[in-house]
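A.B. asks: When you get a sec, could you give me coordinates for this:
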Amino acid sequence: MRPPRRPWRPIASPRRAAAVASLVAVAGLGAACGGGSQEPTPTPASSLPDDLCATVPEEFREAYALSATDHATSTEGGTSRATCTMDGQAGGQSVDVTLEVTSFPQAGDRSPAQRATAAVAERCEELRSGPLPEVEVQDNRCVATSAVGSAEGGAGAGGHVIDVSRLPEEGALLVVEVEAPGQPTAQVEYDVTGLATSYLSEGLLG
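C.D. replies: Numbers count the residues shown, from 1 in each chain. Presented below is the predicted three-dimensional model:
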């Protein structure tokens, strides 16, 4: 049984798929109401967070005793990328957290949303052929999980989880990865998908 967590984590499987599908549908409806084939506006480099680590909710930081170790924001060829790495402690063992956001410009007749969708599909395919044994694939999102280490208190193996998704409003790729050997796999998955879903529902880029 997944232990209760703070209210900002709104999604726990199997309801996650329905919630994400609803978010994507709302984004598509908004484009349709705005004038037919309108696509999300390309996000310029200045709109990416200067410090992606600063966007991580305090509740998530506290749950894993996280501190930022590095962050960067850069632009190359019109594509903007922000990264964040954090480390912490949970269940008596170290925790590693990585976040990545990639924002795409228009490229010919390919909109930022189309390019982000393709990037998500490519990342998800890489995960399916990678070392993490369980990969759940949805529209514009996938979640890969693996058991690592041994969770505290005889709660089973710890968790390594990667959530790859498309930010629907920004037309950007979002990757959240957490490796927490001291926390049960189910709890880590719940926390990671909750963090990613908070970005999906509330937006990230200003």
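A.B. asks: And Asp87, how far from Glu125?
C.D. replies: Applying C-beta to C-beta, to the nearest Å, the value for Asp87 to Glu125 is 29 Å. Backbone N, C-alpha and C define where each C-beta goes, glycine included.
A.B. asks: Between these two, point out the one with more neighbours.
C.D. replies: Higher neighbour count among Asp87 and Glu125: Asp87, with 16 against 13, using other C-beta atoms under 10 Å.
A.B. asks: Tell me which helix or strand the more buried one sits in.
C.D. replies: Using DSSP states H and E, Asp87 sits in strand 79-90.
A.B. asks: ok, then the element right after the worst-scoring helix or strand of the chain on mean pLDDT?
C.D. replies: Ranking every helix and strand in the chain by mean pLDDT, DSSP states H and E puts helix 15-33 at the bottom, with a mean of 37. Per DSSP H and E, the first helix or strand lying C-terminal to helix 15-33 is helix 58-63.
A.B. asks: Listing request: residues of the chain with sub-threshold pLDDT.
C.D. replies: 1-46, 149-157, 204-206 (pLDDT under 70).
A.B. asks: For Gln60, give me its contacts.
C.D. replies: Actually, residue 60 is Phe. It isn't Gln. By C-beta atoms under 8 Å, 6 or more residues apart in numbering, the contact set of Phe60 is Leu66, Asp191, Leu195.
A.B. asks: helix, strand or coil for the second one?
C.D. replies: Which is Asp191. With DSSP: H, G, I helix; E, B strand; the rest coil as the basis, Asp191 sits in helix.
A.B. asks: Do I have it right that it meets Ala63?
C.D. replies: Yes. Between Asp191 and Ala63 there is a contact under C-beta atoms under 8 Å: 6.5 Å.
A.B. asks: which one of the contacts of Phe60 is nearest Thr55?
C.D. replies: Closest approach to Thr55 among these (C-beta to C-beta): Leu195, at 10.0 Å.
A.B. asks: Burial check on the closest one, number of neighbours?
C.D. replies: 24.
A.B. asks: next one: Glu189
C.D. replies: Neighbours around Glu189, by other C-beta under 10 Å: 25.
A.B. asks: For the nearest residue to it once chain neighbours are set aside, give me its contacts.
C.D. replies: Counting by C-beta to C-beta, 6 or more residues apart in numbering, Glu189 lies nearest to Val161, which is 4.9 Å off, once chain neighbours are set aside. Residues in contact with Val161, defined by C-beta under 8 Å, 6+ apart, are Val143, Ala144, Thr145, Ser146, Glu177, Val178, Glu179, Thr185, Val188, Glu189, Val192, Thr193.
A.B. asks: hmm, 10 Å instead?
C.D. replies: Counting by C-beta atoms under 10 Å, 6 or more residues apart in numbering, Val161 touches 132, 134, 143-146, 148, 176-180, 183, 185-193, 196.
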